[in-house]
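Novice: Dropping a prediction and its sequence here:
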Amino acid sequence: MNVDDTVRTFIDFYRDRGHVPIPGHSLVPPPGDPVLFTTSGMHPLTPYLEGDRHPQGRRLVDVQRCLRTTDLDEVGDDTHLTVFEMLGSWSLGDYPGTQSLTWGYQLLRDGFGIEPGRLHVTVHEQDEPSRETWERLGVPIELTTDENWWSNGPTGPCGPDSEIFVWTGDGPPTGTPTTDERWTEVWNHVMMRYRRLEDGTLRPVEPENIDTGMGLERMLTVLQGKRSVFETDVFRPWTGLWELDEPDRRRVVDHLRSGIVVIGDGVRPSNTRHGYVLRRLVRRTLTTLWRTDPTRTLGDLPSEPIEHTIDHFELKTLPSPVRDVLGTEEKTFRDLLRRGRSVVSRRRERGPLTDDDYRFLHDTHGLPRDLVDLIRG
């Protein structure tokens, strides 16, 4: 299944079961939202999970782009991305978690063609309805505690969740999701059965809300039999851009692709908030490129990956503004690099740089550690 087939199969499955497709939201939440970026599929629907009535009804399905800066340093491995997409289904007090799990099993088996013998799930040890559902479906269960409890913060909606894993190793499945990393998590079903109050007590909520989230890129690695998310077809236009080792190539691809999406959602580089994240993405990209060849430039980036990213995420922008933003930020960064060279050189004359030196260079001159390390003298 390619990426379009996968999205279509997910949306159509839930549409056939009365769910209304809703458009994804921007990465930038509306004013007043304390969260810097949309980090999960459920975030834009928080008001409706808190009790507001959604204008499209009680059964919803969507594809939501998300950004997590907490994973920035993990990018380069097989699974982590800065910007990624979540396929989500929602029941706003309409049907129970047992129905959600049953449909989830059917979609994986019949819609995506995954053999039931490759499935394993984790369930909270006190979540009896979910355990009974998986037993009825014949799927192996691993009981956990805190690993399968979801909450949106110290207070508010919370409840058990059930994570679905697919075996991606060679040969027959062995072990359990917590004992063998070849079990790959592809889907999480959250049953919001409680509200945690200020004093820490749990108040049952009836009827419960259901939120499911499936990472699109991770699901593609399973469906396409790939080792890494970067090997799936959604990244195909990004192959062969620069000669880099594999971790660096992945970082450059991830950061540029993420930067294009952030630019498409109206963000521009700056030293604060959303703009700082974009600036960091672009400068980490340039630092990686220049580490082995200072003549590299983002002006060499072909049109295809830019256009593909804009089309895939349905961004309301054109390639030209994206190129303008990237080009301006590259010039700004080169100027900073040139000015910082003498400052770093004088500091190095005292001996190897210490942590205090790095802090001084960052706080006084705006030179981050990775840039300082790039400056050779």
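Specialist: That came in fine, so what should we check first?
Novice: Can you tell me which helix or strand of the protein has the lowest average pLDDT?
Specialist: Averaged element by element with mean pLDDT, DSSP states H and E, the chain has its least confident helix or strand at helix 369-374 (a mean of 78).
Novice: what packs against that one?
Specialist: When contacts are defined as 3 or more C-beta pairs under 8 Å, 6 or more residues apart in numbering; DSSP states H and E, helix 369-374 sits against helix 273-292, helix 319-348, helix 355-365. C-beta coordinates here come from the backbone N, C-alpha and C atoms, glycine included.
Novice: how about TSV for those, with mean pLDDT, mean neighbour count and distance to G215 added?
Specialist: Formatted as TSV, the entries for these read as follows, by pLDDT from 0 to 100; neighbours: other C-beta atoms under 10 Å; distance: least, C-beta to C-beta, whole Å:
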stretch	mean pLDDT	mean neighbour count	distance to G215
helix 273-292	93	20	20
helix 319-348	92	15	25
helix 355-365	88	13	34
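Novice: mind listing what's buried in the least confident helix or strand of the chain?
Specialist: 371-372, 374 (16 or more other C-beta atoms under 10 Å).
Novice: Tally up the residues packed near G259, please.
Specialist: As a burial measure, the neighbour count of G259 was computed by other C-beta atoms under 10 Å and equals 28.
Novice: isn't it right next to R284, touching?
Specialist: No: distance between G259 and R284: 9.7 Å, which falls outside the contact criterion (C-beta atoms under 8 Å).
Novice: who's in contact with H19?
Specialist: With contacts defined as C-beta atoms under 8 Å, 6 or more residues apart in numbering, H19 is in contact with 59-61, 89-90.
Novice: now it: how far from R227?
Specialist: In this structure, H19 and R227 are 33 Å apart, going by C-beta to C-beta, to the nearest Å.
Novice: one step back: what does the least confident helix or strand of the chain rub up against?
Specialist: Residues contacting helix 369-374 (C-beta under 8 Å, 6+ apart): 283-284, 287, 290-291, 336-337, 340, 344, 353, 358, 361-362.
Novice: Apply 6 Å and report the result again.
Specialist: Helix 369-374 is touched from outside by 287, 344, 358, 361, with contacts defined as C-beta atoms under 6 Å, 6 or more residues apart in numbering.
Novice: For this structure, give me the ranges with low pLDDT.
Specialist: Scanning the chain for pLDDT under 70 picks out the ranges 376-377.
Novice: Over to the residue most central in space within it. Which of the three states is it?
Specialist: Relative to the mean C-alpha position of the chain, the nearest C-alpha, by C-alpha atoms, centre = their mean, is the one of F84, at 3.7 Å. Secondary structure assignment for F84 (DSSP: H, G, I helix; E, B strand; the rest coil): strand.
Novice: now do the one 3 residues further on
Specialist: Three states are possible here, and by three-state DSSP the one that applies to L87 is strand.
Novice: Quick check: which element contains the closest residue to it other than its chain neighbours?
Specialist: Spatially, and ignoring its direct neighbours in sequence, L87 is nearest to M214 (4.3 Å; C-beta to C-beta, 6 or more residues apart in numbering). Taking DSSP states H and E as the criterion, M214 maps to strand 202-215.
Novice: tell me which strands and helices that strand is in contact with?
Specialist: On a contact count with 3 or more C-beta pairs under 6 Å, 6 or more residues apart in numbering; DSSP states H and E, strand 202-215 meets strand 83-91, strand 183-196.
Novice: Name every strand pairing with the shortest one and say which way it goes.
Specialist: Counting by DSSP bridges, the strands paired with strand 83-91 are strand 59-67 (antiparallel), strand 202-215 (antiparallel).
Novice: contacting residues around P129?
Specialist: Neighbouring residues of P129 by C-beta under 6 Å, 6+ apart: T98.
Novice: Would you verify that it is located in a strand?
Specialist: No: counting by three-state DSSP, P129 falls outside a strand, being helix.
Novice: For the stretch 51-200 of the chain, which segments count as helices?
Specialist: In the stretch 51-200 of the chain, helices defined by DSSP state H, counting those that start in this stretch lie at 97-106, 128-137, listed in chain order.
Novice: Deepest-packed of those, please.
Specialist: Between the helices of the stretch 51-200 of the chain, the one whose residues have the most neighbours on average, counting mean count of other C-beta atoms under 10 Å, is helix 97-106 (a mean of 20).
Novice: so S151 touches P160, yeah?
Specialist: No: using C-beta atoms under 6 Å as the test, S151 is too far from P160 to be in contact (10.5 Å).
Novice: and those two? which has more neighbours close in?
Specialist: Shown here are S151 and P160; by other C-beta under 10 Å, P160 has more neighbours (24 against 15).
Novice: Who does the more buried one form a beta bridge with?
Specialist: In this structure, P160 has beta-bridge partners W149, where bridges are defined by DSSP bridges.
Novice: Could you do the one 4 residues further on as well?
Specialist: For I164, the beta-bridge assignment (DSSP bridges) gives partners V121, W187.
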